[in-house]
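Trainee: any chance you can model this:
(one chain, ligands or ions: 1)
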Amino acid sequence: MTGFSIGRRAFCAGLAGTMLARPAWGATDTLVAQKASVQLAPDGYPATPVWSYGGTIPGATIRMGQGDRLQRQLVNELDVPTSVHWHGIRIDNAMDGVAGLTQEAVPPGGTFDYDFTLPDAGTYWYHAHTNSMEQVARGLSGALIVEEADAPDVDRDEVLMLGDWLLDPDTGGFVEPFNHPMMMSHGGRTGNLVGVNGRYDFALTAKRHERLRLRLINSANARIFVLRLQGMRGWTVALDGMPLDAPEEVSDEIVLAPAQRADLIVDITADEGAPAGLLMWMDDDSWEALAEVKVSGQSATTPRPAPAALPANPRTALPDLSEARSLDMVMEGGAMAGMESAMFEGERLGFRALIEKGQFWALAGQAGRTETPFADLALGEVLRIRLENRTAFPHGMHLHGMHFREVRADGSFGPLRDTILSVPDEPLEIAFTADNPGKWLFHCHMLAHAASGMTTWINVT
Ligand SMILES: [Cu+2]
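Mentor: Modelled structure (predicted):
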């Protein structure tokens, strides 16, 4: 891995922010996975050869209504097999897009018809789920927005796909290899250029007292975004697509693990010309603008009252823990902690032998996906999983097909989520009702970790 660093600050010096025109979804029912050349780095640096949906980074935002049927034919114009996962959708299992588990990967030149209904309103996203460590890093992702029939009263609704790219500034190309052992065994592949909607200098304009809905999606391979609001008063109204029972005023940092989403309703409080936007925490403990809001003009003379909760989605009842099955999932491996041994392809191997096979991590003593699931559940059964992170790294654990809740130490439940951040030495417990039949992946969304051991699955029949 090269040692250079190209932060936004360096790139930004002397550059004025530019406005981003949000790509519109065309009148087509295809989703074409194709090569393209996109200017990710600032002007003056070479363009980046990417793999994209439809030629843009990110792919076009798909906007649908709750209850709608989404039909897209994936057309694979890449030289490698691929498939599409619709992250966070409580989907028909055959449409979940996991190559080797729910479908065969679509070969080059091939197609696959995705066709499913959207039971829940909220902020979701779609991304490649075949060799995703590489394919997502090369650009194969986009936002999927499911609108409420009764949408909240806001002046604007903005999708912000947060991401990062690991680029060679001399060539503009992605730093390779994607399966670098250093990335796999440590925090995953983090980029040297951070941005929003494919722009390192993303900016919006807004008037003072305007109310915006910001749909934040962490589409990065491994980066955990720690965010603060500047010049805005905000409320979190949904997490991972699912509305909170009541909006929670943002008083502290917003932490978004890879694949997590947060819907914010923000009121612009900054005066005209004063700084506003989203700040991100940097490794050197400073705060840097990630998404700037340029305040120009005034939309009202007084602020509005706090927003109301979003309308609830269906099937959000708390899981009944009285007859729940309970399983432990120890997470181990990686640099600085390691593990003694784990099962891999039916054999017990020591850490060194696992590394030779590209396996750095294990979930519940098992590296990588097996023929048999981690849990075999009857439809309607409630499962509790106690996650114990014995590694030296945080992991964003994602369950496909169903949302879960954290079960807190005092017995109360957290909000519905599809991805949860597990940090070292802080065990946490999740629970869910297995109400969606099928084979559902459960894996770390630091995609290099998922590719090197942290992937398992749950069967619901
Ligand atoms: Cu991980």
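
Trainee: in what helix or strand does the closest residue to Asp164 other than its chain neighbours lie?
Mentor: Spatial nearest neighbour of Asp164, chain neighbours left out: Gly191 (2.9 Å); criterion: Cβ to Cβ, 6 or more residues apart in numbering. In short, each C-beta sits where N, CA and C put it, glycine included. Counting by DSSP states H and E, no helix or strand carries Gly191.

Trainee: give me the neighbour count for Gly191.
Mentor: A count of nearby residues for Gly191, using other Cβ atoms under 10 Å, gives 20.

Trainee: Ser286: what's it in contact with?
Mentor: By Cβ atoms under 8 Å, 6 or more residues apart in numbering, no residues touch Ser286.

Trainee: what mean pLDDT does stretch 43-54 get?
Mentor: The average of the pLDDT scores along stretch 43-54 is 97.

Trainee: which phi and psi does the closest residue to the ion within the stretch 51-200 of the chain have?
Mentor: With Cβ to the ion as the measure, Gly188 is the residue of the stretch 51-200 of the chain nearest to the ion, at 6.6 Å. When read as degrees, to the nearest 10, the backbone of Gly188 gives phi 100, psi -180.

Trainee: ok, it - contacts?
Mentor: Gly188 makes contact with Asn221, Ala222, Pro258, Met446, Leu447, Ala448, His449 under the criterion Cβ under 8 Å, 6+ apart.

Trainee: the second one contacts Leu447, doesn't it?
Mentor: Yes - judged on Cβ atoms under 8 Å, Ala222 makes contact with Leu447 at a distance of 6.9 Å.

Trainee: okay, and the common contacts of those two?
Mentor: Gly188, Arg189, Pro258.

Trainee: is it possible to export those residues to a markdown table including distance to Gly234 and pLDDT?
Mentor: Shown next, in a markdown table, are these (distance: Cβ to Cβ, whole Å; pLDDT from 0 to 100):
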| residue | distance to Gly234 | pLDDT |
| --- | --- | --- |
| Gly188 | 28 | 96 |
| Arg189 | 30 | 96 |
| Pro258 | 22 | 98 |
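
Trainee: report the beta-bridge partners for Phe432.
Mentor: Leu383 (DSSP bridges).

Trainee: rewinding a little: with adjacent residues omitted, what lies nearest to the residue of the stretch 51-200 of the chain closest to the ion?
Mentor: Nearest non-adjacent residue to Gly188 (Cβ to Cβ, 6+ apart): Ala222, at 2.7 Å.

Trainee: so what's that neighbour up against?
Mentor: Met183, Gly187, Gly188, Arg189, Thr190, Pro258, Met446, Leu447, Ala448, His449.

Trainee: now those residues in a markdown table, with secondary structure and distance to Trp235?
Mentor: Formatted as a markdown table, the contacts of Ala222 follow (DSSP: H, G, I helix; E, B strand; the rest coil; distance: Cβ to Cβ, whole Å):
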| residue | secondary structure | distance to Trp235 |
| --- | --- | --- |
| Met183 | helix | 36 |
| Gly187 | coil | 31 |
| Gly188 | coil | 31 |
| Arg189 | coil | 33 |
| Thr190 | coil | 29 |
| Pro258 | coil | 24 |
| Met446 | coil | 29 |
| Leu447 | helix | 31 |
| Ala448 | helix | 34 |
| His449 | helix | 32 |
